[in-house]
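Visitor: sequence and predicted structure, then a few things I'm wondering about:
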Amino acid sequence: MGFEFYPEVGLTRVELLDKISANMSEKRFQHVQNVAQAAVKLAERWQYPEPRKAELAGLLHDYAKEETDATFIQLIKKYQLDSDLLNWNNNVWHGLVGIYKIQEDLGLTDPEILRAIEIHTVGSAEMTLLDKLLYVADYVEAGRTFEGVETARLLAYEQDLDAAVAYETVQTVAFLASKHVSIYPQTILTYNAYVDQLK
């Protein structure tokens, strides 16, 4: 299942999956395939006209997830990104900084896909349809089993995509707050922008 060729990276499906699997653990590789499947299903449900892009975003969203901290720090400095990023960690870096690794390794230049991957963990107050599809697909993919995931799936696939974005963000903020860890400011902005969708 899936598309046979991805012009955005100039690779066949087999070639792309080989490159992705070489960059991550088997468990992570299964996750990205699940997210790609969920992104395509959501694209069809919410009438996104380019399901191939949704699938590609899903396959690549965690491409840099297992890179070392040193690699991310090097990329932040190389591309002169916001120095505040140095105060964060992989949870933030693998999206916001990981897109530079994807561009270097795979030559991806499509701004819509890169943006969706960039913010797939932290969200944004302003999200395109593809941004929302990836953000939600990562949360509701078939391998997820945490408490509340069925509610998230019901919202995502049947009721309201914006409410699914809101639900995921509320749950994420609550989880991070319960752990007494810092919350990336962009995630708070996402929360404020979408929380009314649950009323």
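Guide: Nice, I can see it. It should be emphasised that the depicted structure is a prediction, and the values quoted were computed from it without experimental measurement.
Visitor: if I look at G58, how far off is F3?
Guide: 11 Å (Cβ to Cβ, to the nearest Å). No exception for glycine: its C-beta is placed from N, CA and C like everyone else's.
Visitor: give me the residue at the spatial middle of this structure.
Guide: Most central in the chain under Cα atoms, centre = their mean is H120, positioned 3.0 Å from the mean C-alpha point.
Visitor: which ones are touching that residue?
Guide: 57, 61, 95, 131, 134-135, 138 (Cβ atoms under 8 Å, 6 or more residues apart in numbering).
Visitor: G58 and F3 - which one has more neighbours?
Guide: When G58 and F3 are compared for neighbours, G58 comes out ahead with 30 against 17, by other Cβ atoms under 10 Å.
Visitor: among the contacts of H120, which one lies nearest to D160?
Guide: Nearest to D160 among these is Y135, at 14.1 Å by Cβ to Cβ.
Visitor: so the closest one touches V165, yeah?
Guide: Yes - counting by Cβ atoms under 8 Å, V165 is a contact partner of Y135 at 6.1 Å.
Visitor: and for these two, which residues touch both?
Guide: Residues touching both Y135 and V165 (Cβ under 8 Å, 6+ apart) are 123, 127.
Visitor: and the two? Which one has more around it.
Guide: V165 (29 against 25).
Visitor: could you measure from L42 over to E158?
Guide: Distance check for L42 against E158: by Cβ to Cβ, it reads 11 Å.
Visitor: who's more crowded, the two?
Guide: Counted by other Cβ under 10 Å, L42 and E158 do not tie: L42 has more neighbours, with 25 against 9.
Visitor: against I76, how distant is the more buried one?
Guide: 31 Å.
Visitor: before we move on, what about S21?
Guide: From S21 across to I76, the span is 26 Å (Cβ to Cβ).
Visitor: ok, these two, which is more surrounded?
Guide: The neighbour count for S21 versus I76, taken as other Cβ under 10 Å, is higher for I76 (20 against 15).
Visitor: can you check the pLDDT for the nearest residue to the more buried one once chain neighbours are set aside?
Guide: In this structure, I76 finds its nearest non-sequential neighbour in L85, 5.1 Å apart by Cβ to Cβ, 6 or more residues apart in numbering. Per-residue pLDDT puts L85 at 98.
Visitor: equivalent analysis for T68, please.
Guide: 97.
Visitor: what values do phi and psi take at it?
Guide: Dihedral angles of T68 (phi, psi; degrees, to the nearest 10) stand at phi -80, psi 160.
Visitor: what is the burial count for it?
Guide: Count around T68 with other Cβ under 10 Å applied: 9.
Visitor: residue contacts, it?
Guide: T68 is in contact with no residue at all, counting by Cβ under 8 Å, 6+ apart.
Visitor: who's in contact with the longest helix along the chain?
Guide: Ranked by residue count and defined by DSSP state H, the top helix of the chain is helix 26-45. Contacts of helix 26-45 with the rest of the structure, by Cβ under 8 Å, 6+ apart, involve 1-2, 20-21, 24, 48, 50-51, 54-63, 65-66, 133-134, 136-138, 140-143, 156-157, 161.
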